[in-house]
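A.B. asks: whatever this is, show me its structure:
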Amino acid sequence: MPTNVTRRTREEWVSLLDEMKTSGLTQVEWCKSRGINPKSMMTMKSRIEKEGKRTPGKAKNPQKSAAGTSKFVQLPEAPQDKARANTKPAVTITIKEGIIEVGIHP
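C.D. replies: From the prediction side, this is the model:
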């Protein structure tokens, strides 16, 4: 039983996967050069790739995709125009159970 176990965060695994992909080495060669169990790397690679295919509402961390590039941005509130105060919005966005619906109203 190994006594020297290194725990890594998801972000660390993503970084390691990116490094491995650009190394020019096979997965086994790269893992051996870094002292990482190739089976552990395969397991994490599979998990991270599956997370990237999930619907947005199902991700463990909805602020980051598998590549770590997605972000939520808070939009400023539009100034109120009294002439348009009683009209319907031009676009509505509804998010429910991981499904995003966009409605465009003329």
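A.B. asks: quick one: the helices in the chain, in order.
C.D. replies: 10-23, 27-34, 38-52 (DSSP state H).
A.B. asks: make CSV out of these and add mean neighbour count and mean pLDDT.
C.D. replies: C-beta here means a position set from N, CA and C on the backbone, and glycine is covered the same way. Listed next are the helices of the chain as CSV, based on neighbours: other Cβ atoms under 10 Å; pLDDT from 0 to 100:
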stretch, mean neighbour count, mean pLDDT
helix 10-23, 14, 89
helix 27-34, 14, 91
helix 38-52, 14, 87
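A.B. asks: for residue 101, find the nearest of those.
C.D. replies: Evaluated with Cβ to Cβ, the helices of the chain place helix 38-52 nearest to residue 101, the distance being 22.2 Å.
A.B. asks: who does that closest one touch, helix- and strand-wise?
C.D. replies: If contacts are counted by 3 or more Cβ pairs under 8 Å, 6 or more residues apart in numbering; DSSP states H and E, helix 38-52 sits against helix 10-23, helix 27-34.
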